[in-house]
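>>> no FASTA, just this:
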């Protein structure tokens, strides 16, 4: 029996173990549509069975087919090429294999929360971890992101860069800074050139902006400490799905659009 044949049998055996598995930490795979979410699900499920080796694109496709999910190698390859820190990559000659990373598990955890409130605690003194969790929460939100935060600074730009890694448009409204506005304007212009899906505007009535939030098509994310200093001190991030947020989302969107028309380019 060839090595390829042996490997195919092992992957089908792994798929059978995954199919029989009952996990409380993963969403229902048949509720997922995104090739990235499907790929992350397979990597997470393999990990839960005790599988140690990384999986190639073809192996991920084979497992999905065993679970009656139709997808192509090209779809998986494109999705994982944009996965960033959600996966751990291993080079195998001309090929590449993957394991799920902490950020990828967070994405799947948040998908389970659709229809429910998701609350994450941002530990003080751990800004990079907090930003990873913010990114994972934001990526679970569909559509364009409308971001509001009264204060901005150089650290804000790092977070905006993370949010703008997605394909969808990201618009940010802010009002005031305690740093050098001229220097920040130059940095913002540089960032927007690199991220054409990102737009930043300054709202003239700073006293009207208070709560920090990120609004999408299907949820609103409340960011307790603001995106600039997230993780600097204790705070919470709360994701409210549209079915629970109700009219608040439409009101927040209307208010954002009104302010956007009355704001100036940064």
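Now that the structure is in, tell me what you want to look at. Treat the numbers as computed from the prediction; the structure is a model and nothing was measured. Residues are numbered from 1 along each chain as shown.
>>> top helix in this protein by residue count?
helix 3-20 (DSSP state H).
>>> where in the chain is pLDDT low?
1-3, 6, 113-116 (pLDDT under 70).
>>> the domain parsing of it - what is it?
3-105, 116-265 (automatic domain parsing).
>>> Turn those into a markdown table, including mean neighbour count.
Backbone N, C-alpha and C define where each C-beta goes, glycine included. Formatted as a markdown table, the domains of the chain follow (neighbours: other CB atoms under 10 Å):
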| stretch | mean neighbour count |
| --- | --- |
| domain 3-105 | 16 |
| domain 116-265 | 17 |
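>>> Just give the number of residues close to the nearest residue in space to residue 188 that is not next to it in sequence.
Closest residue to residue 188 apart from its sequence neighbours, by CB to CB, 6 or more residues apart in numbering: residue 266 at 4.5 Å. By the criterion of other CB atoms under 10 Å, residue 266 has 20 neighbours.
>>> Can you name the residues that contact residue 266?
Going by CB atoms under 8 Å, 6 or more residues apart in numbering, residue 266 touches 174, 184-185, 188-189, 200-202.
>>> can you give me the strands for this protein?
Assignment of strands within the chain using DSSP state E yields the ranges 55-56, 87-92, 95-100, 118-122, 145-148, 170-174, 198-202, 213-215, 219-223, 235-241, 264-265.
>>> who wins for proximity to residue 36 among these?
Residue 36 lies closest to strand 87-92 among the strands of the chain, at 9.4 Å (CB to CB).
>>> Sheet-wise, list the partners of that closest one with their directions.
Its sheet considered, strand 87-92 pairs with strand 95-100 (antiparallel) by DSSP bridges.
>>> Give me the contact list for the strand it pairs with.
39-40, 43-44, 47, 53-57, 59-60, 80, 83, 86-90.
>>> switch to 10 Å and redo it
By CB atoms under 10 Å, 6 or more residues apart in numbering, the surrounding residues in contact with strand 95-100 are 39-48, 51-60, 76-77, 80-81, 83, 86-91, 104, 107-108.
>>> again with stretch 68-76
Contacts of stretch 68-76 (CB under 10 Å, 6+ apart): 19, 29-30, 32, 34-36, 38-39, 41-42, 56-65, 78-79, 98.
>>> And stretch 120-129, by the same measure?
Under the contact criterion CB under 10 Å, 6+ apart, stretch 120-129 has outside partners 102-103, 106, 109-110, 130-134, 136-137, 155, 158-159, 221, 223-225, 229-239.
>>> isn't residue 34 right next to residue 40, touching?
Yes. Taking CB atoms under 10 Å as the definition, residue 34 is a contact partner of residue 40 at 8.9 Å.
>>> Overlap in contacts, the two.
Common neighbours of residue 34 and residue 40 (CB under 10 Å, 6+ apart) are 79, 107, 111.
>>> Could you dump the residues you listed into a markdown table and include distance to residue 250?
As requested, these are exported to a markdown table (distance: CB to CB, whole Å):
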| residue | distance to residue 250 |
| --- | --- |
| 79 | 31 |
| 107 | 26 |
| 111 | 24 |
